[in-house]
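[1] Here is the input, now give the coordinates:
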Amino acid sequence: MPIQHKHAYPQVELRLRQLLSAGDWNALPPYFSGLSVAQFRAAGPLLASLMAGQLAAEDYWALTRIMVRYHSRAFLVTLLKAAVSGKVSFDNQEFAFFCKSISQNAVDVEKAFSCLFPVFGDDPQSIIRLFTLLEVAEEQQRVRLLLRQDGDAAFYVLFHTLNYLEHDRPFLLRTVKFLIQKQDERSYNFASLLTSHFGLDEVKAVFSLHVEPYQLAWLQGSFEAFRKALKR
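    Next up, the predicted model:
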C-alpha cells in the first residue's frame, strides 16, 4: 500500500521526508491542509510508514500527538496501527503523554484501546497498564472495552472488573448475554463461570462448564488456573 502511494505522489513523499528529516513537525499539519483530498488520503499512510521507519520511539509518539490533535479521524488509527506493525516502543514518556492527550475523548480512547490491544492484551497487568495510561477508571467503560476483545487475559481482567459491579444485576445479565451471543466456546465457558459466580439464575442457557463455588476464589487468584478452566 505505501508503495502505491509513493508512485502516485512522489512529490508528496519527498516533502514528507524533508519535513521529518528537518524535525519540522509543526509544519506537517498546514502542509496536509494544503493537499487535495486524494493527496491527503494517500499521504496519511505514507507518513505513518515513514515515521515508523525513520523516527525514534519518543519522536514517533510526540509527532503522533501533533497529528492526532490536528485531525484525529485521519491519523489516530493509521498511526497506531503503524506503531504496532512497526514494533515502535511503548515504554517511554512520550507514549504516556500521547495517551493522556486523548484520554478525555471516549471515541478516541475506544479506538486506541482496540488498536493497541494486540500489544498489551496477552497479560492482565499490561491491560491494566493500558487502562491506566488511557485514564479509563470507570468499571462499566472497562467492561465495554474488554468485551470487544478476545483472549484469556481480557476475560481475566473482565472477571475482576465485574466484581466491582456485582450489585448491578441488570448489567451483569447483559454482559453474560453478550458473551453467549459471541457463539464461541471460550466466551460460552466464561459466561458459565460468571453465571455461577454471581448466581445469575435468570440465565437459562445450558453450559458444559461447571465450576464449584469453592473453585471460584481460586480462579480469581490464579490467571493460569483461570485459563485452564476456560479451555475445559
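
[2] For residue 128, grab the count of nearby residues.
    Residue 128 has 17 neighbours, counted by other CB atoms under 10 Å. C-beta here means a position set from N, CA and C on the backbone, and glycine is covered the same way.

[3] Now do the same contact list for the closest residue to residue 127 other than its chain neighbours.
    With CB to CB, 6 or more residues apart in numbering as the criterion, residue 127 has its nearest non-adjacent residue at 4.9 Å, and that residue is residue 157. By CB atoms under 8 Å, 6 or more residues apart in numbering, residue 157 lies in contact with 124, 127-128, 142, 146.

[4] let's see 7 Å
    Contacts for residue 157 were tallied using CB atoms under 7 Å, 6 or more residues apart in numbering; they are 124, 127-128, 146.

[5] So which of those is the closest to residue 211?
    residue 124 (19.0 Å; CB to CB).

[6] Phi, psi for that closest one please.
    Residue 124 adopts backbone torsions of phi -60, psi -40, taken as degrees, to the nearest 10.

[7] For the lengthiest helix in the chain, give the mean pLDDT please.
    In the chain, taking DSSP state H as the definition, the longest helix is helix 37-54. In this model, helix 37-54 has an average pLDDT of 95.

[8] Name the next helix or strand following it along the chain.
    helix 57-70 (DSSP states H and E).

[9] helix or strand for the residue nearest to residue 127, which one?
    Going by DSSP H and E, residue 157 is part of helix 152-163.

[10] got it, and residue 84?
    Going by DSSP H and E, residue 84 is in helix 72-85.

[11] Low-confidence bits of the chain, can you list those?
    Under the criterion pLDDT under 70, the flagged ranges of the chain are 1-8, 213-214, 232.

[12] Please enumerate the strands of this structure.
    Applying DSSP state E to the chain gives no strands.

[13] if I pick the residue nearest to the spatial centre of the chain, what's in contact with it?
    By CA atoms, centre = their mean, the chain has its centre lying nearest to residue 113, at 2.1 Å. Residues in contact with residue 113 (CB under 7 Å, 6+ apart) are 130, 134, 145.

[14] got the residues you listed as a markdown table, with neighbour count columns?
    A markdown table is the format used below for those (neighbours: other CB atoms under 10 Å):
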| residue | neighbour count |
| --- | --- |
| 130 | 21 |
| 134 | 21 |
| 145 | 24 |
